[in-house]
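Chemist: Please find the sequence and the predicted model below.
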Amino acid sequence: MPRIVALVERNPTDTIFTRFMPPAKGDDMPGTWRRFYRKWRSVTRERIDPSLLDLLAPLNGFAPPARIIDKSRYSAFCGGALERLLAERGIDTLVLSGAETDVCVLATLMAAIDHGYRAIVAADAVCSSSDVCHDALMTLYNERFSEQVEIAGTTEILGAWNT
């Protein structure tokens, strides 16, 4: 969290938080998402404590000016709101941080690649509930996507950042 805060503090106006927002009911979702939410009913909006869907402190103090985009799928690009906002702002480079390296970060990173963005993963500002999966994905990012994904620590990113 301190590294994510350091990235956000540098320029909260250009920060975009994306929140995974579950459906009210699992049956509101298509296909295999229904099966997912049958297993994880406790995280649907009809059952989850709504405060658990808020940005964590201290990140919540940055919005606004940071923007928040809610998403119903793993990729932040799902639904088109992020793509529209990036286009409006003329942004061509993304620095990704957050959770989980092997789920939402992965889906968003793959979509960023597909859209042609310069994608930088803040290596010390991403995490997973599975160390094995996190390590495997960091290896994949480094080895398989070395021409399309850059991996850097927050100190290196902040040192190179033009604000």
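Modeler: Nice, thanks for sending it over. Numbering: from 1, shown residues only.
Chemist: State the phi and psi torsions of A136.
Modeler: phi -60, psi -40 (degrees, to the nearest 10).
Chemist: Excluding sequence neighbours, find me the nearest residue to L158.
Modeler: R10 (5.9 Å; Cβ to Cβ, 6 or more residues apart in numbering). Where C-beta positions appear, they are placed from N, C-alpha and C, glycine not excepted.
Chemist: before we move on, what about A111?
Modeler: Using Cβ to Cβ, 6+ apart and skipping residues adjacent in sequence, the residue nearest A111 is F77, 3.9 Å away.
Chemist: before we move on, what about T13?
Modeler: P65 (4.6 Å).
Chemist: wait, what's in contact with that neighbour?
Modeler: Contact analysis of P65 by Cβ atoms under 8 Å, 6 or more residues apart in numbering lists P12, T13, T15.
Chemist: That one and I157, how far apart?
Modeler: 20 Å (Cβ to Cβ, to the nearest Å).
Chemist: The residue nearest to T13 falls within a helix, correct?
Modeler: No. In this structure, P65 is coil, not part of a helix, as judged by DSSP: H, G, I helix; E, B strand; the rest coil.
Chemist: Can you pull the phi/psi pair for it?
Modeler: Taking degrees, to the nearest 10 as the convention, P65 sits at phi -80, psi -20.
Chemist: swap in the one 4 residues further on?
Modeler: Reported as degrees, to the nearest 10, the phi and psi values for I69 are phi -120, psi 120.
Chemist: Tell me the confidence at it?
Modeler: Listed pLDDT for I69 reads 97.
Chemist: Adjust the sequence numbering to begin at 627 for everything that follows.
Modeler: Will do, 627 is the new start, and the previous item becomes I695.
Chemist: Can you get me a residue count around it?
Modeler: 17 (other Cβ atoms under 10 Å).
Chemist: again, but for L766
Modeler: Quick note: L766 (other Cβ under 10 Å) scores 14 neighbours.
Chemist: and the one helix or strand it maps to, which residues are buried?
Modeler: For L766, the element it lies in under DSSP states H and E is helix 757-769. Using 16 or more other Cβ atoms under 10 Å as the test for burial, helix 757-769 gives H760, L763, M764, Y767.
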